[in-house]
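Chemist: Prediction below, plus the sequence it came from.
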Amino acid sequence: MDKIKVGMVQQRCTTDIEANIASLERHIRACARQGAQLVVLQELHNSVYFCQVEDASLCDLAEPVPGPSTERFGALAKELGVVLVLSLFERRAPGLYHNTAAVIEKDGSLAGTYRKMHIPDDPCYYEKFYFTPGDLGFRPVRTSVGNLGVLVCWDQWYPEAARLMALAGADMLIYPTAIGGVGTDSKEEQETQRNAWQLVQRGHSVANGLPVITVNRTGHEDDPSGTTVGLDFWGTSFATGPQGEILAQFGTDEEGEKVVEIDLARTEYVRRGWPFLRDRRIDAYGDLLKRFGK
């Protein structure tokens with residue numbers, strides 16, 4: 001399959017989980033009507049971004065994978081004949097949880113999963129309280145639309161993760177995301193951060209000769225504890241071609257869906273002209289396995 005149409009869904013989330021899911025379903029249907037064969041959703045899309053606070057009772061939001069969400073979205077994927085990339089709060093065992101991407105094949109089956117490897121712990125992003133680091137490695141999920149190099153949010157800052165997915169045969173890099181600005185930062189600082197966030201992912205696209213699909217949430221979400229002024233999510237979901245060129249992009253506050261055509265065959269052309277994989281000095285990279293040089 002040389003060309004595929006990819007749908008991206010960017011929306012606000014509330015504490016009403018059923019309303020969030022119903023909205024996602026409407027957008028997925030709209031993507032399918034526009035010919036999308038693959039639809040990507042934002043990180044932890046069923047609920048608000050609960051990691052602004054450390055509250056063990058919020059672990060009640062977690063669910064098994066496979067479980068209720070994979071069944072519900074699986075039925076929709078089968079009905080519409082589309083591949084879906086979900087982002088779920090996985091309950092693996094009592095007291096053991098992951099931030100997990102689940103890929104649903106167009107027949108409704110679970111094609112594979114990826115557990116977020118890099119877990120942040122920053123003001124308003126207290127993910128280490130909830131999530132155990134992933135243990136599935138950097139392995140693309142094989143689907144009818146290609147090998148999907150699915151990573152999650154904080155993973156998007158790490159060139160190692162993107163490269164390992166590329167070396168494992170990913171046809172594209174996919175990042176479900178929930179990132180925004182902390183209200184105490186100036187607008188100028190937030191804009192600098194947002195530009196850096198997009199720039200580093202475009203760099204992964206260039207360095208690996210792969211398309212990138214990044215789907216972020218949008219809107220303001222309050223800090224339930226009242227300790228901070230909450231998060232303003234950046235939106236700006238986007239898709240690139242294999243040279244980092246922007247093919248589609250949402251506004252910061254925009255809600256809805258966009259469908260973009262991705263030319264997977266272009267990777268071959270780009271990598272012939274920019275043979276970064278050919279020229280890698282794999283004999284000299286041992287120090288990458290050290291925390292720091294000294």
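Modeler: That came through fine. In this text the structure is predicted, and so the values were computed from the model without any measurement. Residues are numbered from 1 along each chain as shown.

Chemist: Which of the three states applies to the residue nearest to S109 when sequence neighbours are not counted?
Modeler: Leaving aside its sequence neighbours, S109 sits nearest to G74 (CB to CB, 6 or more residues apart in numbering; 6.9 Å). The C-beta positions use only the backbone N, C-alpha and C, and glycine is treated the same way. At G74 the chain is in helix, as set by DSSP: H, G, I helix; E, B strand; the rest coil.

Chemist: What residues does G74 make contact with?
Modeler: Neighbouring residues of G74 by CB atoms under 8 Å, 6 or more residues apart in numbering: 104, 108-110.

Chemist: Could you list which of the residues you listed belong to strands?
Modeler: Judged by DSSP state E, the contacts of G74 include 104, 110 as members of strands.

Chemist: Which among the contacts of G74 count as buried?
Modeler: Using 16 or more other CB atoms under 10 Å as the burial test, the contacts of G74 include 104, 108, 110 as buried.

Chemist: May I see those organised as a markdown table, with distance to G203 added?
Modeler: Shown next, in a markdown table, are these (distance: CB to CB, whole Å):
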| residue | distance to G203 |
| --- | --- |
| I104 | 29 |
| G108 | 36 |
| L110 | 32 |
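
Chemist: Just send those back as a markdown table, with pLDDT and distance to G219 too.
Modeler: What follows is the buried ones among the contacts of G74, written out as a markdown table (pLDDT from 0 to 100; distance: CB to CB, whole Å):
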| residue | pLDDT | distance to G219 |
| --- | --- | --- |
| I104 | 98 | 25 |
| G108 | 98 | 30 |
| L110 | 98 | 29 |
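
Chemist: Pick out whichever of the residues you listed sits closest to G146.
Modeler: When the buried ones among the contacts of G74 are compared for distance to G146 (CB to CB), I104 wins out at 14.6 Å.

Chemist: ok, the closest one touching L110?
Modeler: Yes: at 6.4 Å, I104 and L110 qualify as touching, with contact defined as CB atoms under 8 Å.

Chemist: Mutual contacts of those two, please.
Modeler: 70, 74.

Chemist: picking that back up, closest one to W274 out of the buried ones among the contacts of G74, please.
Modeler: Looking across these and measuring by CB to CB, the closest to W274 is I104, at 33.4 Å.

Chemist: Could you tell me which residues make contact with that closest one?
Modeler: Residues counted as contacts of I104 (CB under 8 Å, 6+ apart) are 70, 73-74, 77, 83-86, 110-111.

Chemist: got JSON lines for those residues, with distance to S205 too?
Modeler: As requested, those are exported to JSON lines (distance: CB to CB, whole Å):
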{"residue": "T70", "distance to S205": "29"}
{"residue": "F73", "distance to S205": "27"}
{"residue": "G74", "distance to S205": "30"}
{"residue": "A77", "distance to S205": "26"}
{"residue": "V83", "distance to S205": "20"}
{"residue": "L84", "distance to S205": "22"}
{"residue": "V85", "distance to S205": "17"}
{"residue": "L86", "distance to S205": "23"}
{"residue": "L110", "distance to S205": "27"}
{"residue": "A111", "distance to S205": "23"}
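
Chemist: List only buried entries from these.
Modeler: Neighbour-count burial (16+ other CB under 10 Å) is assigned, among these, to 70, 73-74, 77, 83-86, 110-111.

Chemist: Please enumerate the helices of the stretch 101-250 of the chain.
Modeler: Ranges of helices within the stretch 101-250 of the chain are 159-167, 187-208, based on DSSP state H, counting those that start in this stretch.

Chemist: Which strands and helices lie in contact with the first one?
Modeler: Think helix 159-167. On a contact count with 3 or more CB pairs under 8 Å, 6 or more residues apart in numbering; DSSP states H and E, helix 159-167 meets strand 146-150, strand 172-176, helix 187-208.

Chemist: Done for today, thanks.
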